[in-house]
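Asker: sequence unknown, structure follows:
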């Protein structure tokens, strides 16, 4: 992992300090983090999780954190903030017990929290050595990761601009007579050409397939008159995701397609307009639903309005009924109402927004309405 794939070391130093403060507030004594989005958030390390234990150990007393790592995987820490921050590296070789190293790095106290990405392969032997069962670190790490710092927001802006450029090229890919799979292959290449490290997901839902929100791609031949849902995204360095959906039609829209999608566009705009600090997540969801219900097809909107995004495609906060979480500046999430008519067609409009001090900023700028190709 090169210097270009992470933020400056002081960004990670600040995150570790905030993690310690959050642990103290939660009355936790230690935090154990294995490879995954949480480790990347705290250290800028994209190390993978294998059968050999890699684990960041943070003590609530503020002592220098330790990283337990297999000697043969020391290279996985290169380019992370470990050396810049002066963290202790405790390496181990096959045939020795890495869990003893973790225990040796723990200070006084028995309230140990583990990140939710820790495999059971490591959680069980670690738990057996603690005086009490570990607890989930999700409440602590969720709070940290939900509020994006300026470096993260800028990464999300870059990701949003990159996926916008892919949507702007859709007229080159999406044509009658081609299969969904052929279109997806072109989109895959374009996603990488426009600055992503990979395509994390591609949905090409043409005609009746568009009525399945989680349809991916198939060998269906796209036909003239089809409504097509294109939902695409992927990570840009240092690992922050794009996610944007637009709806297209091949030729002039039939029947009430244009009218219904115009109502969807109004619903998406209403939800974005509702986003500001102090508003609850469920209120934004309700703002998206009201116009569709008033138009007579609220039942066609069958999923939540949005999900948080960052180092994971789906993370908190979730914009859904029943979530009374109050929005705060720095939260980032999708606003993506959709309408689906089984056996016929579907449509969805999705932007990523970042909550600001007095509203929100959308990182996606492509036109929202039905695009005729």
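Answerer: Ah, there it is. All values reported here derive from a predicted model rather than from experimental measurement.

Asker: quick check: end-to-end length of stretch 342-353?
Answerer: With C-alpha to C-alpha, to the nearest Å as the measure, the first residue of stretch 342-353 is 29 Å from its last.

Asker: repeat that for stretch 341-361.
Answerer: Stretch 341-361: ends 31 Å apart by C-alpha to C-alpha.

Asker: chain center to it: distance?
Answerer: 15 Å (C-alpha atoms, centre = their mean, to the nearest Å).

Asker: may I see the buried residues of it?
Answerer: In terms of neighbour count (16 or more other C-beta atoms under 10 Å), stretch 341-361 has its buried residues at 341, 345-355, 360. No exception for glycine: its C-beta is placed from N, CA and C like everyone else's.

Asker: save those residues as CSV, and put in pLDDT, secondary structure and distance to residue 103 too.
Answerer: Formatted as CSV, the buried residues of stretch 341-361 follow (pLDDT from 0 to 100; DSSP: H, G, I helix; E, B strand; the rest coil; distance: C-beta to C-beta, whole Å):
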residue, pLDDT, secondary structure, distance to residue 103
341, 98, strand, 58
345, 98, strand, 58
346, 98, strand, 53
347, 98, strand, 55
348, 98, strand, 49
349, 98, coil, 51
350, 98, strand, 46
351, 98, strand, 47
352, 98, strand, 41
353, 98, strand, 44
354, 98, strand, 41
355, 98, strand, 41
360, 98, strand, 45
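
Asker: which of those residues lies closest to residue 73?
Answerer: residue 352 (33.5 Å; C-beta to C-beta).

Asker: what's the distance between residue 320 and residue 267?
Answerer: 15 Å (C-beta to C-beta, to the nearest Å).

Asker: which one's more surrounded, these two?
Answerer: Legend: neighbour count by other C-beta atoms under 10 Å for residue 320 and residue 267, higher for residue 267 (27 against 16).

Asker: you'd agree residue 372 is up against residue 251?
Answerer: Yes. Assessed by C-beta atoms under 8 Å, residue 372 is found in contact with residue 251 at 7.2 Å.

Asker: please enumerate residues in contact with stretch 355-367?
Answerer: Contact partners of stretch 355-367, identified using C-beta atoms under 8 Å, 6 or more residues apart in numbering, comprise 156-157, 159-161, 163-164, 167-168, 244, 246, 272, 275-277, 327-332, 350-354.

Asker: who's in contact with residue 101?
Answerer: Per C-beta under 8 Å, 6+ apart, neighbours of residue 101: 68, 90, 92.

Asker: that one sits in which helix or strand?
Answerer: Residue 101 is part of helix 98-105 when elements are defined by DSSP states H and E.

Asker: after that helix, next one along is what?
Answerer: Using DSSP H and E, the helix or strand that follows helix 98-105 in sequence is strand 112-114.

Asker: partner strands of that following strand and their direction?
Answerer: strand 30-33 (parallel), strand 135-136 (parallel) (DSSP bridges).

Asker: in the helix or strand following that strand, what counts as buried?
Answerer: Helices and strands here follow DSSP H and E; after strand 112-114, the next one along the chain is helix 120-129. Under the neighbour-count criterion of 16+ other C-beta under 10 Å, helix 120-129 has 122-123, 126 buried.

Asker: export the residues you listed to JSON lines and tack on distance to residue 222 and pLDDT?
Answerer: Shown next, in JSON lines, are these (distance: C-beta to C-beta, whole Å; pLDDT from 0 to 100):
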{"residue": "122", "distance to residue 222": "46", "pLDDT": "93"}
{"residue": "123", "distance to residue 222": "46", "pLDDT": "91"}
{"residue": "126", "distance to residue 222": "51", "pLDDT": "88"}
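
Asker: dump those to TSV, plus distance to residue 336.
Answerer: Conversion of the buried residues of helix 120-129 to TSV gives the following (distance: C-beta to C-beta, whole Å):
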residue	distance to residue 336
122	35
123	34
126	38
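
Asker: returning to that earlier point: top of the contacts of residue 101 by neighbour count?
Answerer: Ranked by neighbour count (other C-beta under 10 Å), the contacts of residue 101 have residue 68 at the top, with 24 neighbours.

Asker: could you identify the helix or strand that succeeds the helix or strand that residue falls within?
Answerer: Using DSSP H and E, residue 68 falls within strand 66-70. The first helix or strand that comes after strand 66-70 along the chain, using DSSP H and E, is strand 88-92.
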